[in-house]
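**Q** Build me a structure from this.
(one chain, ligands or ions: 2)
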Amino acid sequence: MAIQTQAKMIPVVDFSNKELKPGSSSWSSTRRDVCRALEEYGCFVAEVGNKVPLKLHNTTFGAIRELFDFPTEAKKKLTSKRPGHGYLFKARYERMAIENGNSPEETQKLTNIFWPNGNVHFSESADSYVKLMEELDQMVMRMVFENYGVEKYYDSLTESVTRTLGFIKYKEAQITTSTCNALERHTDKTFTTILHQNQVKGLEIKIKDDKWLGFDYSPSSFIFLAADALQVWSNDRIPSCIHRVQISENETRTRYSFGLFTFYDKTISVPEELVDEEHPLRYKPLNIFEYLKANVGHGGELSIKAYCGI
Ligand SMILES: O=C(O)CCC(=O)C(=O)O
Ligand SMILES: [Fe+2]
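**A** Numbers count the residues shown, from 1 in each chain. Ligands and ions are numbered 1, 2, ... in the order given. Okay, the predicted model is just below:
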């Protein structure tokens, strides 16, 4: 039989198995798939099956649409001292982001800005999603630490975890004349990012041979991205994923996405076990919030290598 060359695709890793427990054989094989994908692409698609019922997906995106339909004056009430948080309005998208988005009190506060009498469709759906994304992130991080034989550092790092919940609405491409670069190419200034989106395609990943790859989505999948601080921590074993959002000129629907953006509120240093002859130390210790602040002055273009590379 002729060998078929397959087009490159972002790896899909199956997390729908309920028995995915540390030490089990399915855990080890999933860990291998996760780490291969992260080292090769800086990302993967996590398929979680019926952990996301279609009803939850539809209710959540319905509520997010309502959220962005509020007048700009209402949206501007969402403020934050942390760079890149609060309400942000750009030419091609709007974004709302809250700190400690994994706390139901915080999602409730966000809900009450818009719906003073509450809106369970929004707050409960957001909390359900955040819980799923948080569990996924914890699992993947445990796998990564185990993969490099440094699981002993996992607990002390994760004690300082802080998670941002962000929602994005993109402008419809039909108002432009060609395929629209809705979100410029960038890497995330986090440790990891997990994204979920409605049915409107757009997210693309830059792969090694300078090509851009899109995704095949299902309502029960998330996109897991390695970000700048993970590149530092892994001493360049895992690349921070370069991504962008392109919306096709033929797309008439509105693209919405949301994500859980994970930071660690402590200085990130490369574990000594990850430094050897083949991998000499490539980064100085990193304080991610100082890096976020430094980036504001540079239009977000300051790369992690330029900031703390050796
Ligand atoms: O909307 C998306 O799919 C991507 C969002 C993104 O890259 C970001 O918020 O950093
Ligand atoms: Fe991003």
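**Q** what ranges do the strands span in this protein?
**A** Counting by DSSP state E, one finds strands in the chain at the ranges 12-14, 43-47, 86-89, 93-98, 161-170, 180-186, 192-197, 203-206, 212-213, 221-226, 243-247, 256-264.
**Q** looking at those strands, which is closest to residue 306?
**A** Closest of the strands of the chain to residue 306 is strand 180-186, at 14.1 Å (criterion: C-beta to C-beta). Bear in mind the C-beta positions are built from the backbone N, C-alpha and C, glycine included.
**Q** by contact count, what packs against the longest helix seen in the chain?
**A** Longest helix of the chain, by residue count under DSSP state H: helix 120-147. Packing partners of helix 120-147 (3 or more C-beta pairs under 8 Å, 6 or more residues apart in numbering; DSSP states H and E): helix 25-41, helix 54-69, helix 104-114, helix 154-158, strand 161-170, strand 192-197, strand 221-226, strand 256-264.
**Q** What pairs with the fifth one, parallel or antiparallel?
**A** Looking back up the chat, that one is strand 161-170. Paired strands of strand 161-170, with direction, are strand 93-98 (antiparallel), strand 256-264 (antiparallel) (DSSP bridges).
**Q** from this structure, which residue is nearest to ligand 1?
**A** Using C-beta to the nearest ligand atom, residue 257 is the residue of the chain that sits closest to ligand 1, at 3.5 Å.
**Q** Contacts only, for that residue.
**A** 167, 168, 170, 195, 196, 197, 198, 203 (C-beta atoms under 8 Å, 6 or more residues apart in numbering).
**Q** re earlier: deepest in the core, which of the strands paired with strand 161-170 is it.
**A** The highest mean neighbour count among the strands paired with strand 161-170, using mean count of other C-beta atoms under 10 Å, belongs to strand 256-264: a mean of 24.
**Q** Output it in PDB, but only the C-alpha positions, please.
**A** Taking Å, rounded to 0.1, in the frame of the first residue of the first chain, the C-alpha atoms of strand 256-264 are listed here in PDB:
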ATOM      1  CA  TYR A 256     -16.400  34.700  20.700                       C
ATOM      2  CA  SER A 257     -13.700  32.900  22.800                       C
ATOM      3  CA  PHE A 258     -12.800  32.700  26.400                       C
ATOM      4  CA  GLY A 259      -9.800  31.400  28.300                       C
ATOM      5  CA  LEU A 260      -8.100  30.700  31.500                       C
ATOM      6  CA  PHE A 261      -4.800  32.400  31.800                       C
ATOM      7  CA  THR A 262      -2.500  30.900  34.400                       C
ATOM      8  CA  PHE A 263       0.400  32.800  36.200                       C
ATOM      9  CA  TYR A 264       2.500  31.900  39.200                       C
END
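**Q** looking only at pLDDT, what's the mean for it?
**A** The average pLDDT for strand 256-264 rounds to 97.
**Q** and what of stretch 29-49?
**A** Averaged over stretch 29-49, pLDDT sits at 96.
**Q** Also stretch 57-67?
**A** Averaged across stretch 57-67, pLDDT comes to 96.
**Q** on that earlier part again, compute the number of surrounding residues for the spatially closest residue to the residue of the chain closest to ligand 1 that is not a sequence neighbour.
**A** Sequence neighbours aside, residue 197 is the residue nearest to residue 257 in space, at 3.9 Å (criterion: C-beta to C-beta, 6 or more residues apart in numbering). Residue 197 has 23 neighbours, counted by other C-beta atoms under 10 Å.
**Q** likewise the one 3 residues further on?
**A** Neighbour count of residue 200, defined by other C-beta under 10 Å: 19.
**Q** quick one: contacts for the residue most central in space within the chain?
**A** By C-alpha atoms, centre = their mean, the chain has its centre lying nearest to residue 193, at 2.1 Å. For residue 193, the contacting residues are 224, 225, 227, 259, 260, 261, 262, by C-beta under 8 Å, 6+ apart.
**Q** out of these, who's near ligand 1?
**A** residue 259 (C-beta under 6 Å from any ligand atom).
**Q** give me the low-pLDDT residue ranges for the chain?
**A** Applying pLDDT under 70 to the chain flags the ranges 1-7, 173-179, 296-301.
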